[in-house]
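In: fold the stuff below for me.
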Amino acid sequence: MKVTGKVMKVNPMIMGRNWLHIQDGSGKNLDLTVTTVEQVQLGATVTLEGTIALNKDFGAGYKYDYILEGAVVK
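Out: Residues are numbered from 1 along each chain as shown. Got it, this is the predicted structure:
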């Protein structure tokens, strides 16, 4: 799946990947969590392509209804 959004938060190199929170600018302040090994700057507007996973549970309270994993910048 390919998505475009503004990077609102970056958590670098957790579990070997960067964790991004992006928003599409709709004003609803809904974040999509994205994992990637690429370096992406906070505040950048990017197009990312990866695999959507549903009901992903990483343990320790980190559960996502949906997450874009293994994303690459397009």
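In: how much space separates the nearest residue to Glu38 once chain neighbours are set aside from Gly61?
Out: Residue nearest to Glu38 in three dimensions, not counting chain neighbours: Val73, with 5.4 Å by CB to CB, 6 or more residues apart in numbering. The C-beta positions use only the backbone N, C-alpha and C, and glycine is treated the same way. Distance, Val73 to Gly61, using CB to CB, to the nearest Å: 29 Å.
In: next: Thr45.
Out: Going from Thr45 to Gly61 by CB to CB gives 30 Å.
In: more neighbours, these two?
Out: Thr45 (11 against 6; other CB atoms under 10 Å).
In: could I get the full set of strands for the chain?
Out: With DSSP state E, the ranges of strands along the chain come out as 2-14, 17-23, 32-36, 45-57, 63-73.
In: in JSON lines: those, plus mean pLDDT.
Out: Putting the strands of the chain into JSON lines (pLDDT from 0 to 100) gives the following:
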{"stretch": "strand 2-14", "mean pLDDT": "96"}
{"stretch": "strand 17-23", "mean pLDDT": "97"}
{"stretch": "strand 32-36", "mean pLDDT": "97"}
{"stretch": "strand 45-57", "mean pLDDT": "97"}
{"stretch": "strand 63-73", "mean pLDDT": "96"}
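In: where's Gly5 relative to Met15, distance?
Out: 22 Å.
In: settle it for me: which of these two has more neighbours?
Out: Gly5 (21 against 9).
In: what's the closest non-adjacent residue to that one?
Out: Per CB to CB, 6+ apart, closest to Gly5 is Ile22, 3.4 Å.
In: I'd say that neighbour and Lys6 touch.
Out: Yes: counting by CB atoms under 8 Å, Ile22 touches Lys6, with 6.3 Å between them.
In: which of these two has more residues huddled nearby?
Out: Applying other CB under 10 Å to Ile22 and Lys6 shows that Ile22 carries more neighbours, namely 24 against 14.
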